[in-house]
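# Here is a sequence with its predicted model. Questions after.
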Amino acid sequence: MSKKHEEVMELAKRRGFIWPSFEIYGGVAGFYDFGPLGALLKNKIIQKWREFYVVREGFFEIDSPSIVPEEVLKASGHVEHFVDAMVECQKCGAAFRVADLAREQAGKDIEGMPKEEMDRFFKKHKVRCPDCGGELGKIFDFNAMFRTAIGPGSQRVGYLRPETAQGIFIDFKRLQRHARGKLPFGVVQIGKGYRNEISPRQGIIRLREFTMAEAEVFFDPGDPHHPRFSELAGEQLRLWLAKDQEKGKEQLTEVTVEQAVKEKLVCNEFMAYYLALTKRFLLDLGIPNEVIRFREQTPGQRAHYSSETWDAEVSTERFGWVEIAGIAYRTDYDLSRHAQFSGEDLTIFSADKKRKVLCHVVEPSYGIDRPLYCALEHAYVQEKKRKYFRLKKDLAPIEVGVFPLLNRAGMPEKAREVYGNLKLKGFMAEYNDAGSIGRRYARADEIGVPYCVTIDYETLKQNDVTIRHRDTTKQIRVDIEKLPDVLKKLLNDEIEFDKAGKPIETTSK
RNA sequence: GCGGCAGUAGUCUAGCUUGGUUAUGACACGAGCUUGCCAAGCUCGCGACGCGGGUUCGAAUCCCGCCUGCCGCACCA
């Protein structure tokens, strides 16, 4: 049992980052709420992701429904691959798709049959375990999508989306027009996805409802060159190749992005580019390089739509290597399926306008909840006297704490004034005058507040304040008029702490 | 989903074996006092037996079901 995980979760729970959902009704496994600080943190992670993919990559962001009619997910292959009735052998424990066994042993297609009927059908046809001949257990749904009915009456079948990607593929015709027919172009969607896990157990790592951020990059399969490949070509990647995994070798292959493509370890520039971008994103969340690796999925592990997939994994104390993002080469699978099922022509003109092509897709797909946990775990610091989240400044839910040194001589009033001004300037600030100054610093550290401003006797005389740095507990003095500007520069890493004001010595008891 | 163990204030915890006063303590939190910089101190206060049923005169304590968590198995497209 990992002590760190327990401490991180205890702190996260106590201070309002993460709570089990539906607690007063006993809770439901696989669901977590983000409390006030957790919601702020999550939004900052999402915002950072937007900066990477929407601002810098220039991808279009859309927002489509999370309830999806059945035809879409039939076309995408999810109905076939997600909603399987399963049965387990009671003797050897092997699990099988009910539909497969019925076809093999009774020669009948029972897809869509109610479970009770399937049970009767299995008894009637004496279906046994194909591996050991053992008795089979009760039939159960596994890993199903959440099913629902759209509207009354006819009850059109719908599902809660298992991924946001389909919303993008569905809109392809309008999106490519929005891109004015130019290739490549990318589209992203950030939103909830749903997977009805059988027994989610790893806390926030395996949720039944989770936030995902997905990008679909459309390109001409005849021209798989990323226009800005050179920008990331030199980035180092640590790859765990499928062939090494199959041989049971733990060894990682360290190459540059450029080498990865040249040596055909990664199938094309788009895939390699987004591996590198994913690495940069994780580093930017404060996750150290040593705990990041890219694992190539073996053919058996890959989803039905993918011909090559790399998982970005982060090592955690509690859960080992955790998949944070998947970079999948979806080929033209989705577009061709939707073209086929909808009857729409989804081909477009190639860059040279000489050919009609069906775009290929590379998909960097991220969970948001998992990196949030990883960022917390890797930010958690236990020092002699204090334990706190050393969150990156641009992730900290509260940016600045404002405290009066003492509750007398007009200090609280002055502190509230400073606090009010900082809020007006857009800072996520918190005022606290409870207990002693030391307690306030400790409470602020705990939730990762990078800077604390203290109003003391000097403030009242010379209109300046101290700023305290979370990581070093060092302090500087800064004029109140300059405070917002200095804080902004500090938070943006534009200035060094020691040079942002006059360093001061404090006398502690 | 199967088997084993567990669940007491915001957090940690005593009590459970052997049923019986107003459920223990600490920390945290709030108010007041105090306090010249890193969880100081004093006073007061808030706050819990996971949910439901059963046994019993009486249940935190014994029994059953459910929920949740942990461990193992299975599952994780």
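Yep, it's here.

# Show the residue spans covered by the strands in the stretch 151-300 of chain A.
Taking DSSP state E, counting those that start in this stretch as the criterion, the stretch 151-300 of chain A carries its strands at A:156-160, A:185-194, A:209-219, A:236-240, A:253-256, A:292-296.

# Now do the strands in the stretch 1-150 of chain A.
For the stretch 1-150 of chain A, applying DSSP E, counting those that start in this stretch gives strands covering A:18-20, A:32-34, A:60-62, A:67-69, A:85-88, A:95-97, A:140-141, A:147-150.

# Of those, flag the one that's most buried.
Comparing the strands of the stretch 1-150 of chain A by mean neighbour count (mean count of other CB atoms under 10 Å), strand A:85-88 ranks first with a mean of 21. Heads up, the C-betas are built off the backbone N, CA and C, glycines and all.

# For burial, what's the neighbour tally of the residue in the stretch 351-500 of chain A positioned nearest to RNA strand B?
Closest approach of the stretch 351-500 of chain A to RNA strand B (CB to the nearest atom of the strand) occurs at residue A:438, with a separation of 2.4 Å. Neighbourhood size, residue A:438 [other CB atoms under 10 Å]: 11.

# For it, give me the backbone phi and psi.
Torsion angles at residue A:438 (phi, psi; degrees, to the nearest 10) stand at phi -60, psi -40.

# so which of the strands of the stretch 1-150 of chain A comes closest to residue A:494?
strand A:60-62 (27.7 Å; CB to CB).

# Could I get the average pLDDT for that closest one?
Averaged across strand A:60-62, the pLDDT comes to 98.

# what do you get for stretch A:301-312?
90.

# ok, back up a step: can you lay out the strands of the stretch 151-300 of chain A as JSON lines showing distance to residue A:505, mean neighbour count and mean pLDDT?
As requested, those are exported to JSON lines (distance: least, CB to CB, whole Å; neighbours: other CB atoms under 10 Å; pLDDT from 0 to 100):
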{"stretch": "strand A:156-160", "distance to residue A:505": "59", "mean neighbour count": "18", "mean pLDDT": "91"}
{"stretch": "strand A:185-194", "distance to residue A:505": "47", "mean neighbour count": "21", "mean pLDDT": "96"}
{"stretch": "strand A:209-219", "distance to residue A:505": "46", "mean neighbour count": "23", "mean pLDDT": "96"}
{"stretch": "strand A:236-240", "distance to residue A:505": "43", "mean neighbour count": "18", "mean pLDDT": "96"}
{"stretch": "strand A:253-256", "distance to residue A:505": "46", "mean neighbour count": "16", "mean pLDDT": "96"}
{"stretch": "strand A:292-296", "distance to residue A:505": "40", "mean neighbour count": "21", "mean pLDDT": "96"}
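
# So for RNA strand B, which of those strands sits nearest?
It's strand A:185-194; of the strands of the stretch 151-300 of chain A, that one is closest to RNA strand B (CB to the nearest atom of the strand) at 7.6 Å.

# pLDDT of stretch A:6-26, averaged?
On average, stretch A:6-26 scores 91.

# Could you list the residues in contact with it?
Residues outside stretch A:6-26 that contact it (CB atoms under 8 Å, 6 or more residues apart in numbering): A:27-28, A:31-38, A:41, A:203-204, A:376-377, A:380, A:382, A:387, A:389, A:446-447.

# Alongside RNA strand B, which residues does the stretch 301-450 of chain A contribute?
With CB under 7 Å from any atom of the strand as the criterion, the stretch 301-450 of chain A meets RNA strand B at residues A:301-304, A:385-387, A:405-408, A:434-439, A:441-443, A:446.

# For the nearest residue to residue A:171 once chain neighbours are set aside, give me its contacts.
Nearest non-adjacent residue to residue A:171, counting by CB to CB, 6 or more residues apart in numbering: residue A:62, 6.3 Å away. By CB under 8 Å, 6+ apart, the residues touching residue A:62 are A:167-168, A:171, A:175, A:187-189.

# and which of these is nearest residue A:78?
Proximity of those to residue A:78 (CB to CB) peaks at residue A:167, which lies at 12.9 Å.

# how close does that closest one sit to RNA strand B?
According to CB to the nearest atom of the strand, to the nearest Å, residue A:167 stands 14 Å off from RNA strand B.

# Tell me how many other residues crowd that residue.
21.

# what's the nearest residue to it if we skip its chain neighbours?
Of all residues not flanking residue A:167 in the chain, residue A:64 sits nearest, at 3.0 Å (CB to CB, 6+ apart).

# The one you found against residue A:189, yeah?
Yes - the criterion here is CB atoms under 8 Å, and residue A:64 meets it with residue A:189 at 6.5 Å.

# who touches both of these two?
In contact with both residue A:64 and residue A:189: A:164, A:167-168, using CB under 8 Å, 6+ apart.

# Could you dump these into a markdown table and include pLDDT?
Formatted as a markdown table, the shared contacts of residue A:64 and residue A:189 follow (pLDDT from 0 to 100):
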| residue | pLDDT |
| --- | --- |
| A:164 | 96 |
| A:167 | 96 |
| A:168 | 97 |
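
# any idea how far the residue of the stretch 51-200 of chain A found nearest RNA strand B is from residue A:29?
Residue of the stretch 51-200 of chain A nearest RNA strand B, by CB to the nearest atom of the strand: residue A:199 (3.4 Å). Distance, residue A:199 to residue A:29, using CB to CB, to the nearest Å: 7 Å.

# swap in residue A:363?
Note on residue A:363: its distance to residue A:29, by CB to CB, is 29 Å.

# Excluding sequence neighbours, find me the nearest residue to residue A:397.
residue A:40 (3.6 Å).

# Surely the one you found and residue A:428 touch.
Yes - counting by CB under 8 Å, residue A:40 touches residue A:428, with 7.0 Å between them.

# Quick one: the helices in the stretch 101-250 of chain A, in order.
With DSSP state H, counting those that start in this stretch applied, the stretch 101-250 of chain A shows helices at A:115-124, A:165-170, A:172-178, A:229-232, A:242-246, listed in chain order.

# Counting by contacts, list what the first one packs against.
Which is helix A:115-124. In terms of contacts (3 or more CB pairs under 8 Å, 6 or more residues apart in numbering; DSSP states H and E), helix A:115-124 is packed against strand A:85-88, helix A:98-106.

# residue ranges with poor pLDDT in chain A?
Within chain A, the stretches with pLDDT under 70 are A:1-2, A:83-85, A:88-97, A:99-116, A:128-135, A:138-143, A:154, A:506-509.

# make it 50
Residue ranges of chain A with pLDDT under 50: A:1, A:509.

# buried sites along stretch A:157-173?
A:158-172 (16 or more other CB atoms under 10 Å).
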